[in-house]
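Undergrad: Here is the input, now give the coordinates:
(2 chains)
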Amino acid sequence: MARMAGRRLLFAAPVLLVVTFGVFAVAAASPFDPVKAYAGTAGLTASQHDLDQLRANLGADQGLVSRWWEWLTGALTGDLGDSSVLRRPVADAIGERLGWSVLLAATAFLVAVVLGTALGVLAARRTGGPLDRCVTSAAYTLEAAPAFWLGLLAIWFFAVQLDALPAGGLTDTASTTVSFDQVARHLVLPAAVLGVSQLPWFTLYVRQGVADALEEDPVRGARARGLSERTVLLGHALRSGLLPMLTLVGSRVPELITGALLVETVFSWPGIAAATVQAATSVDFPLLAALTVLATAAVLLGNLLSDLLYGIADPRVGFDG
Amino acid sequence: MAARSMRGAIRGAGAAALAGALAVTASACSSPGGGGSGKGGDSAVVGIAYEPETLSPLLGYGKDGNSKIFDGLLTLDARMGLKPALAVALPEVSADRLTYTYKLRQGVKFSDGRPFTAKDVVFTYTTILDPKTNNPSKGELDAVKEVRASGDDTVVFTLKYPYAPFAQRTVLPVVPEHIAGKQDVNTGDFATAPVGTGPYKLVKWSRSEKIAFEANPGYWGGAPKVKKFTMAIIKDDDVRATRLRSGDLDGAILPPNLAEGFAKDQHKKTYAAKTYDYRNVTLPTGNKVTGDTAVRRALDLAVDRAAMVDKILDGAGKPAYGPVPTGSPWFAAGTERPHDLAAAKKILDEAGWKPGSDGIREKDGVRAAFPLWYLSGDKLRQDHALAYASDAKKAGVDITTQAGTWEVIEPRMKEEAVLAGGGSPGDPDFDQYTLLNSSLAGDGFNNMAHYANETVDKALDEGRKSGDTAARRSAYDSIQRELVKNPGYTFLTHIDHLYVVNDRWDGLTTQTEPHDHGLASGPWWNVETWAPKK
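TA: Numbering: from 1, shown residues only, chains lettered A, B, ... in the order given. You can find the predicted model right below:
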């Protein structure tokens, strides 16, 4: 198990290297001009001389490879560079936002896993029954619904019509301190929306897994031995039914990241999503590269985690050689 | 720009979501929460659409004055007149108009308690002018040759050339050297945690969420009565209107159609700020069609500006005949051009542009047709562009409107028309010099139309160098009259900015506003002098 983890981490290094270079190459090929993005409206009246000076200061006049190399060597020594769009060191910019994004994503993930498992088990108990049909069709509908659409719907219903929950932000508009209960209240809608948007995959996987398991010999045997329905369902069927879901846990990470991006935008959640969009459209190389490394690392770790969980849950699988 | 179009997509989807939800929910109970929030008069929350990239004046924040956290040497009053702020009086100008001397106010402290001195002023200006400082607006201080302190209470600016509007550039905020001088000017945390001499102190800037201020009790101009002031950053117009209606906000900037919805609300007042914010069409000299003076003059007459103000701006604006708004004291009376399609046709006929079989004119085998670019995602520019094209069509000129980002538009600006915008209030030099001077043709976004007119060039120099108001006035008058004879741009409209604010305070006014929606714009430009209503 440790060997597998070690090998994967070793493999992660070249992947990250290639991915960051890819980001620099794609950004350099994009039609966006970092100098114009930096200058904003002021750039529309600035003289060419000032714009050229700015280009040199920002290092935007250097070649793709030298810029990448500079960033990479800096990053290895712990210096992630300065973000041009946020006018501050990348490490600070990410540091103050990442926590909020992780909080949002983790809460949403918990909602999706817990609710998804519960609904999946309930649906699998009587496949083809009315509850199953309801859950399954709702899941298929949700699968097709984009996260930001759900977000706008939630704002319209819970914030505008019912006035029950805040429509956006991390705390109340007039408040200047970040308190636990305020954040908790403001977290409900975005986390619920993001969680619900991830829900169908978990529900459908669990439902299928448990339904299949209920048909398998060991479970039928358990039933025949007269064990209670509850023990059969939760003790036997769910255990093997959960296996496919463990793979899903890891593979949903990228979806969770893109989903969070949209949800944060809709709810003006001060996470890294807005920074990511800005970094991309402003060709802010240092920020973009750092965020990409983070996202790639999250995906790789997600995959590793699901493989480890799978290995633990089902001893037959073992850890890849 | 991509963020912009993404917002558009989200809003479109939002409308779809609402429609869908309405269909499902049979009883849609409207009218969510009336006005009148329970908050006291000493706190105000306003919704704004734009967020600054930085709060450091060294990087461009507050360069047009009025920045809440900071003060400049001078400041602008409600009628855009210069008055002293950190200086005790307007500057003394030497006879050759190359030296400006400012006496500084004594006893002023930064909000951290340290005194403000001449060294801070010198530091501020020299840092901005340093080539290593990434301040994209530094060109505005181009005239400065040297700035030095003479004792603790006097600052002397020496200019490279006489520059009449220089005093108006010194509304620029002054920063404390003892803080900003100790860090990297481009990335230091002064940009997010600034300290100044202004009426408010920054409490918290939560990016893309809000900027919170509290009153500076030691402010030299007297402690503000509004103790807490918060700017919520809400980019979507509809969300801003909704949060204003729900009582979450005390005021907000709104587009005309949404401001209309508050017209009957007794607890709220609408303020329309006059602006220098214009929309125009560049007519590049490099294009065979737009480069012909007859075509330019014809388009100038064929366009129906009044209809644009009515239909596109819902009446919140004015027809524009040049960068100077008709209401400005610098406007040359008599240069208004009424909509006159017949006269436009006559000019084209006489110049030899004859209608072809499809109604589009031709001359020497050149078809009277050209493309007109506008910034994609900008609804207002799109509307202006379409209206302009339709007006031109009636005169026999075929304009193809095309949307694009600046990256797409910029390389084409020399030969293809662009629906542009701009405008800075105050001195007539600010807009006209960069817009019309032939030596600045194609220099970045300056003089996008590559306009070249000797009379105009001469008048621009006169207006810039002369210290005599009458001489300046005649120079700018002659420019405006020259633009009637040979327009380099078709100016369409000046746009009012609308604000809806709870009627809970006394003392609300608006300044004349620039194109740029800075934080200082809006009735809260002088929030420090508001007083709660009894």
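Undergrad: hang on, isn't B:Tyr476 packed against B:Val324?
TA: Yes. Assessed by Cβ atoms under 8 Å, B:Tyr476 is found in contact with B:Val324 at 7.3 Å. No exception for glycine: its C-beta is placed from N, CA and C like everyone else's.
Undergrad: so what sits against both of these two?
TA: Common contact partners of B:Tyr476 and B:Val324 (Cβ atoms under 8 Å, 6 or more residues apart in numbering or on different chains): B:Trp330, B:Ala332, B:Pro428, B:Gln432.
Undergrad: I'd like to know which of those is nearest to chain A.
TA: Ranked by distance to chain A (Cβ to the nearest Cβ), the shared contacts of B:Tyr476 and B:Val324 are led by B:Gln432 at 12.1 Å.
Undergrad: Spell out the secondary structure type for the residue nearest to the closest one when sequence neighbours are not counted.
TA: Once flanking residues are discounted, B:Gln432 sits nearest to B:Pro323: 5.8 Å by Cβ to Cβ, 6 or more residues apart in numbering or on different chains. Under the three-state scheme (DSSP: H, G, I helix; E, B strand; the rest coil), B:Pro323 adopts coil.
Undergrad: Tell me how many other residues surround B:Pro323.
TA: B:Pro323: 26 surrounding residues under other Cβ atoms under 10 Å in any protein chain shown.
Undergrad: got it, and B:Asn257?
TA: Using other Cβ under 10 Å, B:Asn257 is surrounded by 12 other residues.
Undergrad: Flag every buried residue along the helix or strand harbouring it.
TA: Here B:Asn257, judged by DSSP states H and E, is contained in helix B:256-259. For helix B:256-259, the neighbour count (16 or more other Cβ atoms under 10 Å in any protein chain shown) marks B:Pro256, B:Leu258, B:Ala259 as buried.
Undergrad: OK, contacts around A:Gly74?
TA: Applying Cβ under 8 Å, 6+ apart to A:Gly74 gives the contacts A:Leu80, A:Gly81.
Undergrad: which element follows the helix or strand where it lies toward the C-terminus?
TA: Assigned by DSSP H and E, A:Gly74 belongs to helix A:64-76. Scanning forward in sequence from helix A:64-76 by DSSP H and E, the next helix or strand is strand A:82-83.
Undergrad: Who are the packing partners of that following strand?
TA: For strand A:82-83, the elements it packs on are strand A:88-89, helix A:90-125, helix A:285-313, judged by 3 or more Cβ pairs under 8 Å, 6 or more residues apart in numbering or on different chains; DSSP states H and E.
Undergrad: contacting residues for B:Thr512?
TA: For B:Thr512, the contacting residues are B:Met80, B:Ala273, B:Lys274, B:Thr275, B:Tyr276, B:Pro425, B:Gly426, by Cβ under 8 Å, 6+ apart.
Undergrad: Please name the bridge partners of the fourth one.
TA: Here B:Thr275 sits in beta bridges with B:Glu513, as judged by DSSP bridges.
Undergrad: any idea whether the residue of chain B found nearest chain A is helix, strand or coil?
TA: Using Cβ to the nearest Cβ, the closest approach of chain B to chain A is made by B:Pro136 at 3.6 Å. For B:Pro136, the assignment made with three-state DSSP gives coil.
Undergrad: hmm, back to that, as PDB, could you dump the C-alpha coordinates of the helix holding A:Gly74?
TA: The C-alpha trace of helix A:64-76 is given here as PDB (Å, rounded to 0.1, in the frame of the first residue of the first chain):
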ATOM      1  CA  LEU A  64       7.400  31.000 -23.300                       C
ATOM      2  CA  VAL A  65      10.200  28.600 -22.200                       C
ATOM      3  CA  SER A  66      12.200  31.100 -20.200                       C
ATOM      4  CA  ARG A  67       9.100  32.300 -18.400                       C
ATOM      5  CA  TRP A  68       8.100  28.700 -17.500                       C
ATOM      6  CA  TRP A  69      11.600  27.900 -16.400                       C
ATOM      7  CA  GLU A  70      11.700  31.000 -14.200                       C
ATOM      8  CA  TRP A  71       8.400  30.100 -12.600                       C
ATOM      9  CA  LEU A  72       9.400  26.500 -12.100                       C
ATOM     10  CA  THR A  73      12.800  27.200 -10.500                       C
ATOM     11  CA  GLY A  74      11.100  29.800  -8.300                       C
ATOM     12  CA  ALA A  75       8.300  27.500  -7.300                       C
ATOM     13  CA  LEU A  76      10.800  24.700  -6.300                       C
END
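Undergrad: just how off-centre is it within its chain?
TA: 27 Å (Cα atoms, centre = their mean, to the nearest Å).
Undergrad: Let me know the angle separating that helix from helix A:90-125.
TA: Comparing the axes of helix A:64-76 and helix A:90-125 via axes from the mean of the first three to the mean of the last three Cα atoms, to 10 degrees yields an angle of 80 degrees.
Undergrad: Next, count neighbours for A:Ala91.
TA: What A:Ala91 shows, counting by other Cβ under 10 Å, is a neighbour count of 17.
Undergrad: I'd assumed A:Leu80 was in contact with it.
TA: Yes. Counting by Cβ under 8 Å, A:Ala91 does reach A:Leu80; the two are 4.9 Å apart.
Undergrad: Report the separation between B:Tyr271 and B:Tyr476.
TA: B:Tyr271 sits 29 Å away from B:Tyr476, going by Cβ to Cβ, to the nearest Å.
Undergrad: more neighbours, these two?
TA: Set B:Tyr271 next to B:Tyr476 and count neighbours by other Cβ under 10 Å: B:Tyr476 wins out with 23 against 18.
Undergrad: what pLDDT does the nearest residue to B:Ser208 once chain neighbours are set aside get?
TA: Distance criterion Cβ to Cβ, 6+ apart; nearest residue to B:Ser208, sequence neighbours excluded, is A:Ala274 at 4.7 Å. Listed pLDDT for A:Ala274 reads 72.
Undergrad: Which secondary structure state does A:Ala274 sit in?
TA: Three-state call for A:Ala274 (three-state DSSP): helix.
Undergrad: What residues does it make contact with?
TA: With contact set as Cβ under 8 Å, 6+ apart, A:Ala274 has these partners: A:Glu264, A:Thr265, B:Arg207, B:Ser208.
Undergrad: and the gap between the first one and A:Pro270?
TA: By that I understand A:Glu264. Between A:Glu264 and A:Pro270 the distance is 8 Å, computed by Cβ to Cβ.
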